[in-house]
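1. when you get a sec, could you give me coordinates for this:
(chains A and B)
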Amino acid sequence: MSLWNDFLHSLPQLLAYGLVNAGVLALGAVGLALIYRIFNFVHFAHGDLMTLGAYWGFLFNVTLRLPWLLAFVLALPATIVCALFIDRTFYRPLRRQHSVVLLISSAGMALVLRNLVRLFWGQSVRSYDLDFHRAASVLPGVRLTPEELVIVGFALATALFLFVLLRYTRLGKALRALADDVDLAAGCGVSLAWATRWTWVLGAGLAATGGIVLGVEDHLLHPLMGWNVLLSLFAAVVLGGLAHPYGALLGALIIGISQELFAFFLPQYRPALALVVLIVLLLWRPQGLLGQRT
Amino acid sequence: MSKNTQFIGRSLNRRRFLQGLGVGVGSALLSPLRGLAQNAIPLGALYPLTGAAAVFGPKFVQAAQLAVDQVNAAGGPLGRPLKLVVKDSGSAPQQATSAIQELINLNGVPAVSGAATSFATVAVAPIAAANEVVLVSPSAATTELTTLQDDDYVFRTFPSNALQGVALAKLALQEGFKQLSVIHRNDSFANTLSEALIGAFEARGGTVLEDVAYAPDETSFRAALERANRGNPALIVPIPLAEDGNLLIKQAFQLGIDTLRIWPSSIKNQTFVDDLVNTLGADTLEGVKGTFPSTPTGPSAQRYAAQYEAQFGEAPTPFTANVYDSVFSLALAIQAAGEASGPALRGALRAIANAPGQSVGVDEFAKAKSTLEGGQAVQYDGASGPVDFDENGDVLAPVGVYQIQAGQIVEVGEISIA
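-> Predicted structure coming up:
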């Protein structure tokens, strides 16, 4: 049997893995895109915010022995509070500066977060206290574990949630207005403080969920887990057209799936494949998939 | 010149002299060698305290310290105490190379026991050779070290993958497998072991279906496993390091791939097995076999095991015997060479390890010292084997087979590499 035939035979399974991978990336990428859209800077600490969320989950699930659902739900407000504190203390004073200044400040924050995690939980790998499940057949030729199904479901739910939020809620309208023109929006009565807070709630909440999902999917927590994903997150966001949360979703889907497909042929280069996809697609369409040509 | 300037000239000279003296004394006080006793010999130890092989690191330090303590209790080589300087070889080659630079330049070591992983050893070997520092690795298995242009500065007390590869192939055939696939980490150790295994397996009539490599820091092995499972091989041999091996095996079982049943030495570690048993259950691993450079049963090896247990309250873990031998043989070499310098130690290492000579074993430093002082040769028979260095600095060792029984690693015999 030729390699191509075997690939086609495995295709449904690889697509399923790709969907799971995309789900993980989507949660991080959407938050990243949202923060870029509102605050106009590239949040370099987003990966490490995911790591922080994952480790909060570890604290509640393993150290405090809470059932996993409760533990993971509690990890969200814990991470959000941290993110709000970071924004207030480190990013807000720099708000009117050039976005590069904020980028570098967030890169510094990334190091701080990562090393705080190392300080409290050490360098060695950890994992959540979850039951171990074998993959079961969900469709012909596709086997997934219950956790993986949940992750895919989550990603879809996030997409829907985002759509509803941006389209139909007051917050969504305010965020869209802010993204277009900050001063005009403020002039129309949008409270900047209120919108800022909610952006971080969404962004950090999604990041924490992404981190936990990553920890569950890989059975592994370690201080570099979020940082290692950051490059793929950037790839997804840029692919989608930078400032668009929907674009980030689409980007995550494409990067997530193509990573798993290409990895069948070149498994030792799997981390690099996300970026190859990005480069190829940007050559074809430099503004990203949903971006506007300026 | 006026009187004033003459005065100034002299006081400036004195001031400069006093400043220079102050700087000299100050830097001598600040020098890292200050911690050493006046005539102690620093010995480098480069082990993985963090990173993919970190499960082995702390035990390696213990074994090395045991050797140092025993040597010093007998007065130390040339009457000078040995001082172990331990550095972390880390998870990437860059960490290992920085660490060995520190050992050489800051601590002034003439020799280093390490590195433990193949990728780190291959990275630091050229640095050791260029700086005329002897490197004795206690566990690097890559075949690259045999042919490395190292000016004879690099040795190891651990057999090359060439031997283990043959053993893995023979074990697979013995267990009735005519075809297999390999899934391995993309680094020095795993690449060379995989090559050796495939070569030996095919030479003996077996078929290798797939040889899949994954990136060293990979955490999601699904696509790689899907590829390795192509053709549904009855056996997939994993060649990982402990950290990625943990995830690889968990994800394989999760996907319903039960065929990873012959393991290499890099995951012969009870802590590793305990974690897998905790997650997967002891039944999933029951009967898994593996190969490893085997521990000899002579009096020297037994003495090591007893003394390690007495000192640390636990049986010695895999490869600590090789660590002990790397340090002890360096101590013997210093005594035989008459000086603690790299170039002299090269020749001395073979002289004390190989025939001819009066046989000395574990914890017999006093006996060795008096023999050498009397002008006779010694031949070291160590905790991990006869420790005879060939012209490439390699050692031979028999290969053993281990099996997981009720969640415990049990050594079940040897396999000949003929």
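2. quickly find the element holding residue A:119.
-> In this structure, residue A:119 sits in helix A:99-121 according to DSSP states H and E.
3. can you tell me what sits against that helix?
-> Identification of contacts with helix A:99-121 by Cβ atoms under 8 Å, 6 or more residues apart in numbering or on different chains yields A:39-49, A:51-52, A:55, A:58, A:86, A:90-91, A:94-95, A:221, A:223-224, A:227. No exception for glycine: its C-beta is placed from N, CA and C like everyone else's.
4. so residue B:348 sits against residue B:333, correct?
-> Yes - under the criterion of Cβ atoms under 8 Å, residue B:348 makes contact with residue B:333 at 4.0 Å.
5. would you map the strands across the stretch 101-250 of chain A?
-> All strands of the stretch 101-250 of chain A, identified by DSSP state E, counting those that start in this stretch, fall at A:136-139, A:142-144.
6. now the first one, how far from the centre of its chain.
-> The one in question is strand A:136-139. 27 Å (Cα atoms, centre = their mean, to the nearest Å).
7. so for that strand, mean pLDDT?
-> For strand A:136-139, the mean pLDDT works out to 85.
8. what pairs with that strand, parallel or antiparallel?
-> Partners of strand A:136-139 in the sheet, by DSSP bridges, are strand A:142-144 (antiparallel).
9. distance between the strand it pairs with and the chain's centre?
-> Here strand A:142-144 is found 24 Å from its chain centre; the criterion is Cα atoms, centre = their mean.
10. which residues are in contact with it?
-> Applying Cβ under 8 Å, 6+ apart, the contact partners of strand A:142-144 are A:12, A:13, A:15, A:16, A:20, A:135, A:136, A:137, A:138, A:152, B:255, B:256.
11. now the buried members of the residues you listed.
-> The neighbour-count test (16 or more other Cβ atoms under 10 Å in any protein chain shown) marks A:13, A:16, A:20, A:135, A:152, B:255 as buried among the contacts of strand A:142-144.
12. closest to residue B:165 out of those residues?
-> Distances from residue B:165 to the buried ones among the contacts of strand A:142-144, taken as Cβ to Cβ, are shortest for residue B:255 (26.8 Å).
13. chain neighbours aside, what residue packs nearest to the closest one?
-> Using Cβ to Cβ, 6 or more residues apart in numbering or on different chains and skipping the chain neighbours, the partner closest in space to residue B:255 is residue A:135 (5.4 Å).
14. in contact with that neighbour, which residues?
-> When contacts are counted by Cβ under 8 Å, 6+ apart, residue A:135 touches A:143, A:144, A:145, A:148, B:254, B:255, B:256.
15. try 6 Å this time
-> A:143, A:144, A:145, B:254, B:255, B:256 (Cβ atoms under 6 Å, 6 or more residues apart in numbering or on different chains).
16. now swap in residue B:87 and tell me
-> By Cβ under 6 Å, 6+ apart, residue B:87 lies in contact with B:46, B:99, B:103.
17. in stretch B:202-222, what's buried?
-> Buried-residue list, stretch B:202-222, by 16+ other Cβ under 10 Å: B:206, B:208-216, B:218-222.
18. averaged pLDDT, it. What do you get?
-> Stretch B:202-222 shows a mean pLDDT of 93.
19. count the neighbours of residue A:23 for me.
-> Neighbour count of residue A:23, defined by other Cβ atoms under 10 Å in any protein chain shown: 25.
20. pretty sure it sits against residue A:153.
-> No - using Cβ atoms under 6 Å, residue A:23 is not in contact with residue A:153, being 8.5 Å away.
21. can you list residues touching both of these two?
-> By Cβ under 6 Å, 6+ apart, residue A:23 and residue A:153 have no common neighbours.
22. least trustworthy helix or strand in chain A by mean pLDDT?
-> Ranked by mean pLDDT, DSSP states H and E, the weakest helix or strand in chain A is helix A:182-187, scoring a mean of 76.
23. contacts for that helix?
-> A:177, A:178, A:192.
24. quick one: contacts for residue B:172?
-> Counting by Cβ under 6 Å, 6+ apart, the residues that residue B:172 touches are B:180, B:262.
25. again, but for residue B:245
-> With the criterion set at Cβ under 6 Å, 6+ apart, residue B:245 makes contact with residue B:267.
26. okay, the helix holding residue A:119 in CSV with CA atoms only?
-> What follows is helix A:99-121, C-alpha atoms only, in CSV (Å, rounded to 0.1, in the frame of the first residue of the first chain):
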residue,chain,number,x,y,z
SER,A,99,2.4,49.6,20.6
VAL,A,100,6.0,48.3,20.4
VAL,A,101,6.5,49.5,24.0
LEU,A,102,3.5,47.5,25.1
LEU,A,103,4.7,44.5,23.1
ILE,A,104,8.0,44.5,24.9
SER,A,105,6.4,45.1,28.2
SER,A,106,4.2,42.1,27.6
ALA,A,107,7.2,40.0,26.6
GLY,A,108,8.7,40.9,29.9
MET,A,109,5.5,39.9,31.6
ALA,A,110,5.7,36.6,29.8
LEU,A,111,9.0,35.8,31.5
VAL,A,112,7.6,36.9,34.9
LEU,A,113,4.5,34.7,34.6
ARG,A,114,6.5,31.7,33.5
ASN,A,115,9.0,32.0,36.3
LEU,A,116,6.3,32.6,38.9
VAL,A,117,4.9,29.3,37.8
ARG,A,118,8.3,27.7,38.1
LEU,A,119,8.7,29.3,41.6
PHE,A,120,5.5,27.8,42.9
TRP,A,121,5.2,24.5,41.1
